[in-house]
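> Kindly generate the corresponding structure for this input.
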Amino acid sequence: MNRIQPLQQTELVPVFQDQFGRNKRKLRISVTDRCNFKCVYCMPEHPEWMKKHDLLSFEELYHFCEFMVRRGIEQIRITGGEPLMRQGVVHFIAELQQLKKIGLKRISMTTNGHYLKQYAAELKQAGLDDLNISLDSLDTEQFEQLTAKKLQPVLEGIQAAQQVGFLIKINAVLIKGSNDNQILHLAHWAKRENVELRFIEFMPLDGDQNWSSDHVVSEQDILDQLATEFEIKIGQSQGANPARTYQIDNMPIGIISTITNSFCGSCDRLRLNAQGEFFNCLFSTQGLKLKDSIQQLRQQSLSAEQILQQQLQTYIWNKAAGFHAIQAQQKQFNLEPKSNPNFRKISMHMIGG
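Okay, the predicted model is just below:
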């Protein structure tokens with residue numbers, strides 16, 4: 001990708017806002033749906049990958065990111081699938097640095113950590129600000145059951161990221177009867193490694209639609225376990241962050257409790273997948289197909305921007321109140337995925353976390 005010069009635009013463009021007054025400040029870009037892991041809460045048994053020729057190019061993604069930064073986006077997170085599986089992603093991150101001149105404040109990545117030993121130094125040099133790394137168990141056998149991959153490369157990747165100076169958050173999705181015995185192990189490990197740990201409640205975004213509320217390890221369950229070995233204090237105000245924060249023995253820890261304590265009321269996130277489908281919510285059942293409109297941005301024409309602006313403004317404005325509102329609507333209109341063949345289920349590997 002050739003170095004791209006940001007448009008010379010001085011007109012003040014309004015920030016995208018939804019019907020509940022939530023300004024959108026964060027954009028998540030899924031650069032690929034492919035992943036070398038097969039996490040049970042994410043990947044279907046037999047995934048149908050997006051065709052490579054259907055993916056937006058990094059140049060097209062850059063123009064979209066620029067368009068969004070000019071409309072209030074301050075943080076961009078690169079996700080997948082596994083983002084490090086797409087060739088050219090490091091260079092894309094380097095190109096995004098130009099957008100810090102026009103309002104972008106932070107560029108992050110969510111990764112399974114498997115390739116970090118290879119890429120950590122390059123990512124740091126490219127200007128990536130921080131990393132979220134998935135680590136659902138420290139038990140080697142359990143980890144392999146959850147992901148179909150070995151644990152050691154992930155631990156080595158975390159170490160490599162620490163050595164080059166990355167700020168790291170560790171994400172652990174908990175599933176009752178599967179890895180909920182890891183809560184204390186992960187907490188002690190995070191304290192030793194001096195990394196911020198975030199526990200995530202199991203959400204209905206699994207590839208084969210096997211989610212059940214019976215499998216959820218609730219925020220209170222997590223706190224009850226932690227309290228057996230740590231002194232817990234309530235942390236800073238949550239604000240628009242997905243995690244409710246606590247201190248355990250003066251170490252920060254977060255819990256993302258979408259199911260039992262939804263943070264949707266202050267959500268400031270938007271999402272674009274690798275083939276140009278846009279989602280105003282992680283739990284959206286239908287996205288907005290923007291590939292053609294995004295490709296038109298390469299012409300740097302005012303009409304292309306106006307068309308995209310109108311498409312997004314309407315769709316973002318109609319963002320639902322949140323997860324529980326979407327769930328209630330599905331039940332009201334009998335839109336459960338297993339009972340309605342026309343219902344579109346968005347799997348986590350297609351849209352990122």
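
> R244 contacts S262, doesn't it?
No. Between R244 and S262 there is no contact under Cβ atoms under 8 Å: 10.8 Å. (Each C-beta comes from the backbone N, C-alpha and C, glycine too.)

> So between these two, which is more surrounded?
R244 (20 against 16; other Cβ atoms under 10 Å).

> list the contacts for D214?
By Cβ atoms under 8 Å, 6 or more residues apart in numbering, the contact set of D214 is K176.

> Now do it against Y41, distance only.
14 Å (Cβ to Cβ, to the nearest Å).

> And for F279?
18 Å.

> and those two? which has more neighbours close in?
F279 (24 against 21).

> Pull the number of nearby residues for N23.
So N23, with other Cβ under 10 Å, has 13 neighbours.

> need the contact list for it.
So N23 contacts V15, F16, Q17, G72, D268 (Cβ under 8 Å, 6+ apart).

> again, only using 6 Å
V15, Q17 (Cβ atoms under 6 Å, 6 or more residues apart in numbering).

> Which parts of the stretch 151-300 of the chain are strands?
For the stretch 151-300 of the chain, strands defined by DSSP state E, counting those that start in this stretch occupy the ranges 167-174, 196-201, 232-234, 244-248, 251-256, 269-272, 277-279, 288-289.

> and of those, who's closest to T79?
Set against T79 and scored by Cβ to Cβ, the strands of the stretch 151-300 of the chain come closest in strand 269-272, at 8.3 Å.

> Residues in contact with the closest one: which ones?
So strand 269-272 is contacted by K24, K26, L27, R28, I29, F278, F279, I351 (Cβ under 6 Å, 6+ apart).

> Just checking: what are the partner strands of it?
strand 26-30 (parallel), strand 277-279 (antiparallel) (DSSP bridges).

> can you put these in TSV and add distance to G113 and mean pLDDT?
Shown next, in TSV, are the strands paired with strand 269-272 (distance: least, Cβ to Cβ, whole Å; pLDDT from 0 to 100):
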stretch	distance to G113	mean pLDDT
strand 26-30	17	97
strand 277-279	25	95
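
> Using TSV, please lay out these together with distance to P47.
Converted to TSV, the strands paired with strand 269-272 look like this (distance: least, Cβ to Cβ, whole Å):
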stretch	distance to P47
strand 26-30	14
strand 277-279	16
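
> so which of the ones you listed gets nearest S57?
Taking those one by one with Cβ to Cβ, strand 26-30 is closest: 12.6 Å.

> Measure how far that closest one is from the centre of its chain, please.
Mean-position distance between strand 26-30 and its chain equals 7 Å (Cα atoms, centre = their mean, to the nearest Å).

> Give the next helix or strand downstream of it.
Downstream of strand 26-30, the next assigned helix or strand under DSSP states H and E is helix 58-69.

> what's that following helix packed up against?
helix 291-296 (3 or more Cβ pairs under 6 Å, 6 or more residues apart in numbering; DSSP states H and E).

> again, only this time at 10 Å
strand 26-30, strand 75-79, helix 89-96, strand 269-272, helix 291-296, helix 302-317 (3 or more Cβ pairs under 10 Å, 6 or more residues apart in numbering; DSSP states H and E).

> Alpha carbons only: can I get it in CSV?
Output in CSV follows, covering the C-alpha atoms of helix 58-69 (Å, rounded to 0.1, in the frame of the first residue of the first chain):
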residue,chain,number,x,y,z
PHE,A,58,-6.0,-2.0,3.3
GLU,A,59,-6.1,1.1,1.2
GLU,A,60,-9.9,1.0,1.2
LEU,A,61,-9.9,0.4,5.0
TYR,A,62,-7.6,3.3,5.5
HIS,A,63,-9.9,5.7,3.6
PHE,A,64,-12.9,4.5,5.7
CYS,A,65,-10.9,5.0,8.9
GLU,A,66,-10.0,8.5,7.8
PHE,A,67,-13.6,9.2,7.0
MET,A,68,-14.6,8.0,10.5
VAL,A,69,-11.9,9.9,12.4
